[in-house]
Structures are given as structure tokens and as C-alpha cells.
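Chemist: Take this sequence and fold it.
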Amino acid sequence: MQITLFGESHGPYIGAVLDGLAPGIQIDEEYINHQLMLRRPVGKISTARTEEDKYSIVSGICNGYTTGTPLCILIPNTNTRSSDYDKLRTVPRPGHADYTATLKYHGFADYRGGGHFSGRITAAIVAAGAIVIPALRDKGISIGTHIATLADANDRKFGDYITDITSLNNKVFAVLDDATESKMKEIIESAANDGDSVGGVLETAVIGMPGGVGEPWFDTLEGILSHALFSIPAIKGVEFGAGFDMATLRGSENNDSFCITNNAVTTLTNNNGGINGGISNGMPITIRCAVKPTPSIYKTQQSVNLETMTNTDLNIEGRHDPAIIHRARVVVDSMVALTLYDTLVGRYGTDYFGGK
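Modeler: Okay, here's the model as predicted:
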């Protein structure tokens, strides 16, 4: 499956084209709306820019099912204030893609709201993910993500995966311990009051993924998942299982010993996060993503004027999130789902999904 994302933050539309979908996947429009709702801003902990995301699927479906031909999703932008970005024609925002986009596109990139590099584009990823998540679920594969860490607040670890994933996928603010939610929201609101922002760590679990999926060397399951996850704005680190903590362990501590459970091969621990040698082993796949603080903050920052080539101070205007982690978790779920769908098609063929 190939995915093309298109549009800009302040253009008329954003969207996605999915080419290579299996025919016969049922489209659940209520579920697509639910997923898009999970990504929307929420009160004081988010931007004041709220979009309805009244998407339309303009090709690739008939009578509620995918046809197997390219599927195109359109999402209109209806709440833009482009004048907030006038000064950014020549003064790039620290931490954003303004400067690098100028280099790559020779000054012709759309600077309004970050253009094609805006987090707004992730709405198209979520809509696309909502096409394939039900297809994965029909194969017994479920995905859930929670905010593991935000500043000095920590959520509990995954316990019963089925129960926890079901709970998370119905929460707007995705934490496993309800007591953690108020503390994290207080941290975000405090940063907002200071004109600043915060980041954190998202932890994702995938259950039901069959063993034997992944292509060594250059298309390992970790490799392609990392490639996809690093495509999401603000993701600056990805690890699997125990991740960097493995560096502090001995082999005897880190190795996941095998055993037979209910006539199936499992492991006693899951330090490798469900993947060995780049191939799924049937255990839960666990992924942690570092989400950086939102770079658009209301404090005075040092920048440059690219027109006069002089140093200057920058005070950003507009509507921005003091934290994006609570909105990014459904984007991570969607990107993981799209990637796993593609790997399973590569392993078993397009007819693995959809109607037969």
C-alpha cells in the first residue's frame, strides 16, 4: 500500500490517497469521526484552532466497501488566520521546519501555519488509519497508546492488554491511571500560563500480531515502524521493548526465555518488545515515542531575518498547543496501523484483508 499526503495548514483542503488497499474493507464512517475527534483540540490544554474535520471520501469506495482502486480522503480547512504568520515569510520559528523548508523549496514553501509541515496534516493520517484499523481488528490485531510520561508525571504500565487497549481507545486523554490525568493537565496548563510548552513519551502496545512478519535486513519490522513514526511531526525518539534500558542489562537479564502456554510458544518476559531479528515473534509489540515540546511558544526567542541576514527577536502570534502529546497518540495509533497493514499485505498478499 502506498500513501500520499497532500495539502497545507491554511490551504483549502488536506487529505490522503491510499493506493493498494484490499477490496472489500467495510468503511465505518462513525469510527472515522470518532478517531478524528480524539485528535481535536481540548480546552485549555490545546490550541484554540478547532476544525470540524468534515471529511469526504471521493474515490475508492462503493456501497460502503473499498473497491481496491485508489481511495482519496478530503478534509477541508475552515478555521484559518493566515495574517498571524505574515512576519514568518522572512523570520523562521526556532524548532520548526520554516528554515529547512526555505532551503529545500527555494523560498516558495507555504509558510502559513507551517504549510505542509504542520501538525494539521496529521488529521489525514488519522482518517487513513481509521480505514485500516477495523480491518486489523477483524484479524484479531488491536492497537492502543497512552501518555506514559509528561514532564515529571508518570502513568502506570500496561497490565491486561485487552482491557487497557479497549479503555484507551475510548478516552480523549489517554492515560491508564485516571489519577494521572489531572496532574498531567495541570502541568500543561501551567506551561500555557507561562507562554511555554511541554513534551512527553507515548507508549504503544499491539496485540494479536502474528509471528513471522518482517523482512531482514533493510525492511525489519522495527525499521519500517520507526521510519513511519519518525514521519510524524514532533517525534524525536523511538524505542522497542526495554529499548535503551537494555544497555544497562546483562544478557541473562535481557533475554526473553521461551515457554509453552496453551499449546503456543510464548516468552516469559518481553524485553525485546515482540520482535526478534526484525521479525515479529507473536508477543505484544511495545513501542515508546518521545514527543518534543510544541516549538510554537509565546516567549521571546532569538531568530534571524532571512531577507536582511540580520539577527532579530521573534514573538510568535497565533493559536498554538502548549502540548500536543494528548492529540498525537491517535496519530501514532494510526501510523502504526497503516504500517502493520502494509507489512501483513507484504507477507500474506492483499486478499489477507477485505472481502473474498
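
Chemist: ok, residue 239 touching residue 288?
Modeler: Yes: Residue 239 is in contact with residue 288 according to Cβ atoms under 8 Å; the separation is 5.0 Å. All C-beta spots, glycine's among them, are computed from the backbone N, C-alpha and C.

Chemist: top helix in the chain by residue count?
Modeler: Longest helix of the chain, by residue count under DSSP state H: helix 325-348.

Chemist: Packing partners of that helix?
Modeler: With contacts taken as 3 or more Cβ pairs under 8 Å, 6 or more residues apart in numbering; DSSP states H and E, helix 325-348 sits against helix 29-39, helix 122-138, strand 142-150, strand 200-207, helix 221-229, strand 285-291.

Chemist: Neighbours of the closest residue to residue 279 other than its chain neighbours, how many?
Modeler: Leaving aside its sequence neighbours, residue 279 sits nearest to residue 214 (Cβ to Cβ, 6 or more residues apart in numbering; 3.9 Å). Close neighbours of residue 214, defined as other Cβ atoms under 10 Å, add up to 22.

Chemist: pretty sure residue 214 contacts residue 343?
Modeler: Yes: here residue 214 lies in contact with residue 343, judged by Cβ under 8 Å, at a distance of 6.9 Å.

Chemist: Can you report phi and psi for the residue nearest to residue 15 when sequence neighbours are not counted?
Modeler: Leaving out its chain neighbours, the residue that sits closest to residue 15 by Cβ to Cβ, 6+ apart is residue 74, at 4.6 Å. Here is the backbone geometry of residue 74 (degrees, to the nearest 10): phi -110, psi 130.

Chemist: Contact partners for residue 269?
Modeler: Residues in contact with residue 269, defined by Cβ atoms under 8 Å, 6 or more residues apart in numbering, are 256, 257.

Chemist: for the residue nearest to residue 279, what are its contacts?
Modeler: 220, 221, 222, 275, 277, 278, 279, 280, 343.

Chemist: how about low-confidence regions in the stretch 1-150 of the chain?
Modeler: For the stretch 1-150 of the chain, the stretches with pLDDT under 70 are 48-49, 82, 84.

Chemist: got it, and the stretch 251-356 of the chain?
Modeler: Short version for the stretch 251-356 of the chain, where the test is pLDDT under 70: 356.

Chemist: who's in contact with stretch 93-109?
Modeler: Contacts of stretch 93-109 (Cβ under 8 Å, 6+ apart): 88, 92, 111, 114-117, 292, 295-296, 301-303, 306, 314, 316.

Chemist: I'd like to know which of those residues are buried.
Modeler: Among these, the ones that count as buried by 16 or more other Cβ atoms under 10 Å are 88, 92, 111, 114-117, 292, 295-296, 301, 303, 306, 314, 316.

Chemist: For stretch 164-173, measure first residue to last.
Modeler: The straight-line separation of the ends of stretch 164-173 (Cα to Cα, to the nearest Å) is 14 Å.

Chemist: Return the distance of that stretch from the chain's centre.
Modeler: 15 Å (Cα atoms, centre = their mean, to the nearest Å).

Chemist: Am I right that residue 102 sits in a strand?
Modeler: No: assessed with DSSP: H, G, I helix; E, B strand; the rest coil, residue 102 is helix; it does not lie in a strand.

Chemist: who does residue 13 bridge with?
Modeler: residue 76 (DSSP bridges).

Chemist: how about the contacts of residue 214 in a markdown table, adding neighbour count?
Modeler: As requested, the contacts of residue 214 are exported to a markdown table (neighbours: other Cβ atoms under 10 Å):
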| residue | neighbour count |
| --- | --- |
| 220 | 16 |
| 221 | 26 |
| 222 | 20 |
| 275 | 24 |
| 277 | 12 |
| 278 | 17 |
| 279 | 16 |
| 280 | 22 |
| 343 | 19 |
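
Chemist: of the residues you listed, closest to residue 56?
Modeler: For the contacts of residue 214, the closest approach to residue 56 (Cβ to Cβ) belongs to residue 343, at 28.9 Å.
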